[in-house]
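Student: give the three-dimensional model of this entry:
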Amino acid sequence: MLQLLTFLVEKLSLLSQFKLFESGWSGYEDQDRERHAQRCPPPTLRRGDLLEVPRTIFTHYGIYLGEHKVAHLIPDILPALTSDKKLISSVITNKRLILGCMYKCATVRVDTLEDFAYGSKILVNRMDQKKHNHVFPNEDVAKRAENLIGAIPYSLLWNNCEHFVTFCRYGSAASRQTEKFCECLKSVIAAALLGVIYIVCFGLAPSTTLPTILVPFALWMAG
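Tutor: The predicted model follows:
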C-alpha cells in the first residue's frame, strides 16, 4: 500500500513540477536551447561548494568538484536505451530528464559547469543559510560526491538531486522541494476525499465532478 501511494504521489508530482498540460514539449526544447546558448560567466567557486540553478521547470543542485566540473544526480532515459557513451554524455534535455524520472533511471554524473548551469545564474551555498546542520569541510563534501558517481536508484520524492547534495554537504539527505509539494498535496487529497464522501451520501452532482474524475485518473496513473 505504501509503495502504491508513493508511486501515485511521484507521478502527480511530475505533473505538478513539469507542467505537462501546458503548450507541449517542443516549446520547452526551444527554451532549453536558448537558455543553454546564453552562457553565464562562472562565479568564484571552491571545490565542495553546493551549487543551485533554476533549470526551466525545477531547481537543480550539484556539488562543485573544481576545474569547472560539477557532480550532480540527474534522471536520464538514454542509459536505458543505448550504450553510446558519447550520446549519453551530451547535455541532458528536459525530455530525457522527464522520461528518466518516469522510469526511475538516474546517475550521479560529472558535467562541465556550463552544461550544469544550462544558461542560468548559479547560486552558491545558499542552502547553508537555511540549514541548521553541521557543514562538512569542502574537500570532504567533494570526496563524498565523487564516491557516489555512477548509476544510482532514483525517486522523485525520496532520492533526487537535492537529497544527493544535502547528503554530501550536511550528512543527511533531505529535499525542501519535496516537502513543499507534499504540504500542498495534503490539501488536494483532503478536498478529493470530501468530494467522494459527498458523492456517496448525496449522489453525483456537478459540484462533485472533479473528485469523480480524480479517482479513475489516479488509478490510471498507477497502472
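Student: quick check: Val165 touching Ile63?
Tutor: Yes. Shown here, Val165 and Ile63 form a contact pair, counting by C-beta atoms under 8 Å, at 5.8 Å. Quick note: C-beta positions are derived from backbone N, CA and C, even for glycine.
Student: who touches both of the two?
Tutor: Shared contacts of Val165 and Ile63 (C-beta atoms under 8 Å, 6 or more residues apart in numbering): Leu50, His72, Ala145.
Student: looking at this, the second one is in a helix?
Tutor: Yep, that's His72 we're talking about. No. Under DSSP: H, G, I helix; E, B strand; the rest coil, His72 sits outside any helix and is assigned strand.
Student: now the strands for the chain?
Tutor: 50-54, 59-66, 69-75, 106-112, 123-124, 150-151 (DSSP state E).
Student: what's the mean pLDDT across the last one?
Tutor: Spelled out, it's strand 150-151. Mean pLDDT, computed over strand 150-151, is 90.
Student: check the fifth one too.
Tutor: Taken as a whole, strand 123-124 carries a mean pLDDT of 94.
Student: next: the second one.
Tutor: Averaging the model's pLDDT scores along strand 59-66 yields 95.
Student: got CSV for the shared contacts of Val165 and Ile63, with neighbour count, distance to Val110 and pLDDT too?
Tutor: Below are the shared contacts of Val165 and Ile63 laid out as CSV (neighbours: other C-beta atoms under 10 Å; distance: C-beta to C-beta, whole Å; pLDDT from 0 to 100):
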residue, neighbour count, distance to Val110, pLDDT
Leu50, 25, 16, 96
His72, 23, 8, 97
Ala145, 27, 9, 98
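Student: take these and write them to a markdown table, including distance to Lys121.
Tutor: Below are the shared contacts of Val165 and Ile63 laid out as a markdown table (distance: C-beta to C-beta, whole Å):
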| residue | distance to Lys121 |
| --- | --- |
| Leu50 | 15 |
| His72 | 16 |
| Ala145 | 22 |
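Student: between these, which is nearest Asn125?
Tutor: Nearest to Asn125, judged by C-beta to C-beta, of those is Leu50 at 5.3 Å.
Student: for Gly100, which non-adjacent residue is spatially closest?
Tutor: Pro75 (3.0 Å; C-beta to C-beta, 6 or more residues apart in numbering).
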